[in-house]
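Engineer: Just a sequence and a predicted model for now, questions to come.
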Amino acid sequence: MLVLAGIAATTVACASPQGPAVDEAAEPEAANPDPWQPWNRAMFTVNDTLDTWVIAPIAHGWIFITPETVRVHIEQFYDNLNFPGYFLQPLLQGDPKQSGVAVARFGVNTTVGLAGFFDPAHHWLGLDRRPEDTGQTFGVWGAGPGPYFILPVVLPVSDVRDASGYPFDAFLNVGDSPLISTFFPPLWPATLLRTINRRALVDTDLKDLRAGSLDWYSAVRDGFLQRRAVLIRNGRDDDEESPNDDLYELDESEPLPE
């Protein structure tokens, strides 16, 4: 469900980690990026059913009782917790400038932004949020995506490369990680709130995408694969030479609503 939310938010435009351009089309898997489709379709049905009958109804109730601005500030709080990953991954990708931006954003938003509920680093200083994860780093290093791959709940959409990075992201991207509550039952409500809040934020986008899709499974898969290819290239054309020309040419692929 959360990945469907990500697809909805990034179908319009995406760009992220810096690093050498990677030609995803050259990968052998490009001819058939979904060789495990029977398994994936079955797992997609499980996840979609869970969303339809459990997550979405709760999210609709959350939408009814909260204004969008409250939901945006809650999401900003959780995203601020992803600082370890947002700082470390650019270093591993050879982009220390972006790590500096992550440090500045975390410092400003945690203090002036009241624990990250507000984003003065973006609104006042022009330091834009740029999501990072281990799968992106593997891609910058030259690893191909591998086949498309789905697991129930844990990996609603993924590929072999991103699935390989998931264990690292579970510790580094704290705001996105189920580990913030898996081993600490008192934090279960925090994970539930994060899940429902994110689903509420993209509810309209998901409805529109589903209504315009002849095959919902294929639409989600293709959107994910295209999104990840853009993230690996940092939104750059393949013929552009240097990824570090401008410190402030940062990602706005998944901007939070104003």
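Structural biologist: That came through fine.

Engineer: what mean pLDDT would you report for stretch 84-100?
Structural biologist: For stretch 84-100, mean pLDDT is 96.

Engineer: Low-confidence stretches in the stretch 101-250 of the chain?
Structural biologist: Counting by pLDDT under 70, the ranges of the stretch 101-250 of the chain that qualify are 178-185, 234-250.

Engineer: Show me where it has its helices.
Structural biologist: 120-123, 134-140, 160-172, 179-182, 188-201, 203-211, 216-233 (DSSP state H, counting those that start in this stretch).

Engineer: by how many degrees do the third one and helix 216-233 diverge?
Structural biologist: Translated: helix 160-172. Here helix 160-172 runs at an angle of 70 degrees relative to helix 216-233 (axes from the mean of the first three to the mean of the last three C-alpha atoms, to 10 degrees).

Engineer: what packs against helix 160-172?
Structural biologist: helix 83-92, helix 134-140 (3 or more C-beta pairs under 8 Å, 6 or more residues apart in numbering; DSSP states H and E). Yep, even glycine has a C-beta here, placed from its N, CA and C like the rest.

Engineer: of all these, which lies closest to L50?
Structural biologist: helix 134-140 (23.2 Å; C-beta to C-beta).

Engineer: Mind checking the helices and strands packed on helix 160-172 for the one nearest to I232?
Structural biologist: helix 134-140 (3.7 Å).

Engineer: which of the residues in the closest one are buried?
Structural biologist: 134-140 (16 or more other C-beta atoms under 10 Å).

Engineer: What is the nearest of those to I58?
Structural biologist: Checking the buried residues of helix 134-140 against I58 with C-beta to C-beta, the nearest one is G135 at 28.6 Å.

Engineer: How about the closest one: what's its closest non-neighbour residue?
Structural biologist: D162 (3.4 Å; C-beta to C-beta, 6 or more residues apart in numbering).

Engineer: Let me see the contact set for the one you found.
Structural biologist: When contacts are counted by C-beta atoms under 8 Å, 6 or more residues apart in numbering, D162 touches 133-135, 145, 155, 228.

Engineer: If we use 10 Å, what do you get?
Structural biologist: By C-beta atoms under 10 Å, 6 or more residues apart in numbering, the contact set of D162 is 3, 133-136, 138-139, 145-146, 148-149, 155, 169, 224, 228.

Engineer: ok, the nearest residue to A115 once chain neighbours are set aside - how many residues close by?
Structural biologist: Excluding its sequence neighbours, the residue lying closest to A115 (C-beta to C-beta, 6+ apart) is F77, at 6.2 Å. F77 has 20 neighbours, counted by other C-beta atoms under 10 Å.

Engineer: Can you give me the end-to-end span of stretch 61-70?
Structural biologist: 14 Å (C-alpha to C-alpha, to the nearest Å).

Engineer: Average pLDDT for it, rounded please.
Structural biologist: 97.

Engineer: Burial check on the closest residue to L172 other than its chain neighbours, number of neighbours?
Structural biologist: Excluding the flanking residues, the one nearest L172 by C-beta to C-beta, 6+ apart is G85, at 3.5 Å. Residues within reach of G85, counting by other C-beta under 10 Å, total 26.
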